[in-house]
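Predicted model and sequence follow; I will ask about them next.
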Amino acid sequence: MNADNPAANDRYSNSMLGRNSPHERNRLESIQSSVDARTIAVIENLEVAPSWRCLELGAGAGSIAYWLAERCPDGQVVAVDIDTGYLDADRADNLVIRRADVLREEHPPGGFDLIHARYLLCHLPERDEVIARATRWLAPGGWLVVEDPYQLPAHTSPFPLVQRLMAAYERKYGEHGADLTWARGLPAVLARNGLRDVGFTGNLGCMGLLDKDRWRPLINQAGPALVADGLITEADLKGFFELLDDPAFVDIPQFTISAWGRRLP
């Protein structure tokens with residue numbers, strides 16, 4: 001636990017995404033397998049130099065931190081997370097793993113050529129404050145890249161069961177301070193903090209199609225809490241997993257918005 005901010009640690013450990021969950025590694029790895037390719041494409045378009053100093057906020061299971069360490073062999077990658085138990089410091093000599101709370105951690109002004117955060121800020125009520133601080137950590141000409149999900153209205157799903165599940169999912173996340181529609185304003189937030197050359201793109205998220213699905217580990221983890229709170233029933237939960245096993249089932253519950261901006265030289 002980070003003694004500097006036990007409340008933030010408690011919020012993480014007791015939430016549906018808590019490190020105490022036996023499904024957390026599966027959830028993190030399913031995110032990586034479904035969105036890493038898009039993340040790498042976004043970062044590559046910024047013309048990464050081998051000497052870049054990079055900061056990965058909310059490093060999770062580490063795939064992007066490891067990729068950056070390989071991509072920037074003459075630089076350094078600092079991977080920060082409130083729980084570093086899924087990270088391997090021995091993966092690269094230029095990789096530094098730091099256990100810290102992003103809400104309290106400070107970094108040197110102008111210390112990084114690239115700062116990246118994925119599926120992190122939407123869960124933090126202090127998200128705008130974190131972005132403001134991150135812009136100060138950028139070196140002149142450095143890039144901030146933020147990626148977060150934008151959940152489509154639950155009632156627009158063609159599947160009534162998915163409507164119930166996604167409404168419950170969004171409500172429960174909201175109780176923990178998450179905002180699954182905040183990402184729409186990401187480009188404006190970056191521009192408001194003085195970043196320039198702001199760009200953005202979107203990546204549709206799939207629910208279903210069997211081996212392309214990443215929702216099974218997430219609902220494995222979140223489902224019991226949703227049932228316990230009376231937001232869905234056990235029958236709903238069972239029915240959802242049956243849908244996932246149906247090769248004809250496919251839905252688009254959300255998409256990921258990736259936005260980036262550069263500190264003026």
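Cool, got the structure.

From now on I want contacts and neighbour counts done on CA atoms only, so please keep to that.
Fine.

just the helices in the stretch 1-150 of the chain please.
Counting by DSSP state H, counting those that start in this stretch, residue ranges of the helices within the stretch 1-150 of the chain are 6-14, 24-44, 63-71, 127-137.

ok, the spatially closest residue to Asp113 that is not a sequence neighbour - how many residues close by?
Here the nearest residue to Asp113 in space, its sequence neighbours aside, is Gly142; by C-alpha to C-alpha, 6 or more residues apart in numbering that works out to 4.1 Å. Here the number of neighbours of Gly142 (other C-alpha atoms under 10 Å) works out to 24.

so who does Ala167 touch?
Listed by C-alpha atoms under 8 Å, 6 or more residues apart in numbering, the contact set of Ala167 reads 154-155.

Could you report the distance from it to Thr181?
The span separating Ala167 from Thr181 equals 13 Å under the rule C-alpha to C-alpha, to the nearest Å.

got it, and Glu29?
Between Glu29 and Thr181 the distance, using C-alpha to C-alpha, works out to 23 Å.

likewise Arg133?
Where Thr181 is concerned, Arg133 sits at a distance of 22 Å (C-alpha to C-alpha).

Over to Glu24?
Using C-alpha to C-alpha, one gets 23 Å for the distance from Glu24 to Thr181.

So those two - more neighbours on which side?
Relative neighbour count places Glu24 above the other of Glu24 and Thr181, with 21 against 16, counting by other C-alpha under 10 Å.

so Trp137 touches Leu114, yeah?
No - here Trp137 does not reach Leu114: they are 9.3 Å apart, not a contact under C-alpha atoms under 8 Å.

contacting residues for the residue nearest to Asp113?
Applying C-alpha under 8 Å, 6+ apart, we find Gly142 in contact with 112-114, 262-264.

for those, which one is nearest Trp52?
Proximity to Trp52 was ranked across these by C-alpha to C-alpha; first place goes to Asp113, at 5.6 Å.

Return the distance of the closest residue to His107 other than its chain neighbours relative to Leu231.
The shortest distance from His107 to any non-neighbouring residue, by C-alpha to C-alpha, 6+ apart, is to Trp137 (6.2 Å). For Trp137, the distance to Leu231 (C-alpha to C-alpha) stands at 41 Å.
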